[in-house]
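1. build the 3D model from these lines:
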Amino acid sequence: MKRSGVITIIIIGLILVAVVAGYVINLNRKSNANEETVVESTAVQKVLQKDLERNYPPTPKEVVKYYAEITKCFYNEEYTDEELEQLALKIQELYDTELVENKSQEDYMNDLRTEIADMKSNKNTISGYVLSASVDVEEFVENGYSCARLYCTFSIKQGTSGTVRSMEQFVLRKDDDGHWKILGWELVED
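-> Residues are numbered from 1 along each chain as shown. Below is the predicted model of the structure:
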């Protein structure tokens, strides 16, 4: 009787080891399958994934930073026509309604496509940008609106001939929802 009890315990032990080993192998296979299906997002996809309805940039500096990221995508990245239109709509979400209403969507897209084509035909890309320090963001009130002024310096690589800097001054205005929106910008001459 003792011998059959020991054999039973050994058999049960082997069955438990087989079950645990099968479980571990199965988990490992699932883990490897998940790792294989992970696809790197492009810069364009990363920019487009930002949900401005739920996660709008909280400061003027963050708004201009997101604007600069979209602008880099326009000039540096490859994308489909559909993605270009999505990028254009995304950047317009950062614009004040007054700025958006200055042009029809068709004119805006035509101008944007022309500007992008010019930059790409000259082999110009945006290699980087630098925003004003937080202490250099000037906030003021104009016509009853909270406004902010800050600078962004873009580094533009011109083909093989070097890099130039382009400083732009941005003016933002808070909308009724408390979001900072780009009212306009202009090139700052040296």
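2. against Asp81, how distant is the nearest residue to Gln92 once chain neighbours are set aside?
-> Among residues not flanking Gln92 along the chain, Val100 sits closest, at 5.6 Å (Cβ to Cβ, 6 or more residues apart in numbering). The C-beta positions use only the backbone N, C-alpha and C, and glycine is treated the same way. Distance of Val100 to Asp81, given as Cβ to Cβ, to the nearest Å: 21 Å.
3. hmm, back to that, quick check on the residue nearest to Gln92: phi, psi?
-> phi -60, psi -40 (degrees, to the nearest 10).
4. pretty sure it is touching Ile91, no?
-> No - in this structure, Val100 is not within contact of Ile91 by Cβ atoms under 8 Å, at 10.3 Å.
5. any regions of this structure where pLDDT drops low?
-> 1-6, 13-14, 16-21, 31-39, 190 (pLDDT under 70).
6. now do the helices in it.
-> Using DSSP state H, the helices found in the chain span residues 2-37, 43-49, 60-76, 81-92, 97-100, 105-121.
7. save the ones you listed as a markdown table, and put in distance to Glu139 too.
-> Shown next, in a markdown table, are the helices of the chain (distance: least, Cβ to Cβ, whole Å):
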| stretch | distance to Glu139 |
| --- | --- |
| helix 2-37 | 46 |
| helix 43-49 | 27 |
| helix 60-76 | 8 |
| helix 81-92 | 23 |
| helix 97-100 | 19 |
| helix 105-121 | 28 |
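8. neighbouring contacts of stretch 51-59?
-> 63, 65-66, 90, 93-94, 134, 137, 179-180 (Cβ atoms under 8 Å, 6 or more residues apart in numbering).
9. the same query, at a cut-off of 10 Å, please.
-> By Cβ atoms under 10 Å, 6 or more residues apart in numbering, the residues outside stretch 51-59 that reach it are 50, 62-67, 90, 93-94, 134, 137, 148, 150, 172, 175, 177-181.
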